[in-house]
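Participant: Structure of the sequence below:
(one chain, ligands or ions: 2)
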Amino acid sequence: MEPFWTIRALQACRKKAQPPFQGCPVHREIPGNPGISCMTGQERSEEKSECVSLSPMRETVPALPERVCVFGTGDLGRSLGLRLLQAGYSVVFGSRRTHSSSRLPHGAQVLGHAAAAQSAHLIFIAVQREHYDFLVPLANQLKGKVLVDLSNNLRKNQYPEANAEYLQSLVPGAEVVKGFNTLSAWSLQNGPSDANRQVYICGESVEAKQVVIAVASKLGLSALDRGFLSVARELEDFPLQLFPQWRLPLRIAIGLSAAFFFYLLIRYVIYAYVTQGDDISFRIMVSLANQVCPIVSLIMLSLCYLPGVLASILQLYRGTKYRRFPNWLDHWMLCRKQLGLLSLGFAFLHVLYTLIIPIRYSVMFWVTEHTVSLIRENRTTMFDTTTAWHDDSYLSLGILGFGLYVLLGITSLPSVSNVLSWREFSFIQSKLGHLTLLLCTAHTYLYGWNRFLSASTYKWYTPPGYMLCLVLPSVVLLLKLLLITPCVDRTITRIRQGWERGADQRNPKDSQPLIP
Ligand SMILES: NC(=O)C1=CN([C@@H]2O[C@H](COP(=O)(O)OP(=O)(O)OC[C@H]3O[C@@H](n4cnc5c(N)ncnc54)[C@H](OP(=O)(O)O)[C@@H]3O)[C@@H](O)[C@H]2O)C=CC1
Ligand SMILES: [Cu+2]
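Facilitator: Ligands and ions are numbered 1, 2, ... in the order given. You can find the predicted model right below:
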């Protein structure tokens, strides 16, 4: 609901509206329409000679909506106009075509650029930078107005100067603010996601930025002031970034997949061809893929938990939590979620590949062949309970591990993590996360079973892929085991609570034993 202001207050404000109102950047008189200046809900106090908030009262009339202008009726202009109307603003489009079109949001007005500019104090420029020169003849109408430059570029360093700086040079009398350019027409129409809710702005004038911040908050966005207009180029480069937090995890996933694919290709397919003359190249499609996926998944899951362990060791070594981690560790910690989600993806592929094993032609062929040969030779095989135990255990551990994996993935979704307390979230992500790693590692150890000891496993003196992928998770689990031993855990807990090694000697009175 829009706020309602008293008739008395509205009249008082109309009467007193004398620009400029110091201390209240939004409270300005709009030429030809002084009533609009009341919409900030503030009035000039005679005693204090500054704007003060009006308190809503019972005898009310609806406030006239504040008017904002959007230049350009393209994709972004229309979506922004609609959002502004929904947020309770009166919207006027400045366009080359002044007839109202059905494509424009219902309730918006369309005027020529000059007339539209005159009717509002805040103007969003939703026009491509190449056409900015149409603003030069409007310099008079734009004087003192707040112009929000929304433009983006197709690539970095497309132009010698930032678009917003170029706009300011064309219209020096206006207050240019760069911002909102991380939003898209799509996200404006569908409601920005959590990641898009934060927008950045910059500009020379503090007052102009405050006007823009106020509009942003009414649109449900939180605008962060990044400083002067010289930062505009940085803001314009933001939307050009493609999955910035996914870049490192994706590189790791692709690198590991390629390395293990070629390693396994040599060990299985090429080895069989060279030593026995067998062509088993068909195994590339499913068997090899079903080895690469779990290997990459397990290594990436360990990479997800290794930085946390390293951070604890570093804190233990330094004896304080008040020193920054090295940049590489910071960066690594920040992409743990992406590492985890990618590793879940690989685990999921492993599950799918495993489920289709019984319907594979080669598998059905060998099973039939084996059965027929048993019948033909009148042989029987004995049921081996140990093998059954081994098979069931390793499959069961895999299933349990995957179940927890999925739980970790689901709880990392913002919509789910938002309803969890910090303690619940960290219990799932840390305790259950390490349990997932333990189950998946045990699943792989059981898969290897007694093959670790057989010389034939080491084709061309190389260990199989599943053995190599066990190194990292085993190290992480061992380190974690050391960290949760009571004496180490006690010290880490103290450090996390603010205790510093050496601080006791500096001020013995401050030292308090954790366990009395
Ligand atoms: N689309 C998006 O999702 C996003 C766009 N942006 C930025 O917003 C700006 C507009 O983008 P978008 O809406 O997609 O572009 P469009 O091409 O869809 O629309 C641009 C509008 O600019 C006006 N225009 C075109 N030529 C001229 C001219 N010679 N003189 C004056 N006005 C002209 C037109 O409006 P009219 O016919 O009414 O005059 C036209 O509809 C760009 O700078 C873009 O980088 C930023 C973030 C996201
Ligand atoms: Cu498996």
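
Participant: host element of residue 478?
Facilitator: Using DSSP states H and E, residue 478 falls within helix 471-483.

Participant: so the following helix or strand past that helix versus helix 471-483, what angle?
Facilitator: Next along the chain after helix 471-483, taking DSSP H and E as the criterion, comes helix 486-496. Here the directions of helix 486-496 and helix 471-483 differ by 80 degrees (axes from the mean of the first three to the mean of the last three CA atoms, to 10 degrees).

Participant: So what's the gap between helix 486-496 and the chain middle?
Facilitator: Distance of helix 486-496 from its chain centroid, counting by CA atoms, centre = their mean, to the nearest Å, is 32 Å.

Participant: Let me know the average pLDDT across the helix holding residue 478.
Facilitator: For helix 471-483, the mean pLDDT works out to 97.

Participant: what does stretch 372-381 give?
Facilitator: 92.

Participant: now do stretch 272-291
Facilitator: The average pLDDT for stretch 272-291 rounds to 92.

Participant: do the same with stretch 202-216
Facilitator: Rounded mean pLDDT across stretch 202-216 is 94.

Participant: repeat for stretch 347-367
Facilitator: 95.

Participant: so how far is that stretch from its chain's centroid?
Facilitator: Put simply, stretch 347-367 sits 35 Å off its chain's centre (CA atoms, centre = their mean).

Participant: Could you check it and say which residues are buried?
Facilitator: 347, 348, 349, 350, 351, 353 (16 or more other CB atoms under 10 Å). Where you see a C-beta, it was placed from the backbone N, CA and C, and this is true even at glycine.

Participant: For my notes, please list the residues you listed in TSV and give secondary structure and distance to ligand 1 for each entry.
Facilitator: Shown next, in TSV, are the buried residues of stretch 347-367 (DSSP: H, G, I helix; E, B strand; the rest coil; distance: CB to the nearest ligand atom, whole Å):
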residue	secondary structure	distance to ligand 1
347	helix	36
348	helix	32
349	helix	34
350	helix	38
351	helix	38
353	helix	39
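
Participant: Nearest to residue 501 among these?
Facilitator: residue 347 (40.0 Å; CB to CB).

Participant: tell me the contacts of that closest one?
Facilitator: Residue 347 is in contact with 293, 294, 297, 301, 401, 402, 405, 440, counting by CB atoms under 8 Å, 6 or more residues apart in numbering.

Participant: Tabulate those in JSON lines, adding columns for neighbour count, secondary structure and distance to residue 256.
Facilitator: Converted to JSON lines, the contacts of residue 347 look like this (neighbours: other CB atoms under 10 Å; DSSP: H, G, I helix; E, B strand; the rest coil; distance: CB to CB, whole Å):
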{"residue": "293", "neighbour count": "22", "secondary structure": "helix", "distance to residue 256": "11"}
{"residue": "294", "neighbour count": "24", "secondary structure": "helix", "distance to residue 256": "12"}
{"residue": "297", "neighbour count": "27", "secondary structure": "helix", "distance to residue 256": "10"}
{"residue": "301", "neighbour count": "28", "secondary structure": "helix", "distance to residue 256": "12"}
{"residue": "401", "neighbour count": "24", "secondary structure": "helix", "distance to residue 256": "19"}
{"residue": "402", "neighbour count": "20", "secondary structure": "helix", "distance to residue 256": "19"}
{"residue": "405", "neighbour count": "24", "secondary structure": "helix", "distance to residue 256": "17"}
{"residue": "440", "neighbour count": "25", "secondary structure": "helix", "distance to residue 256": "15"}
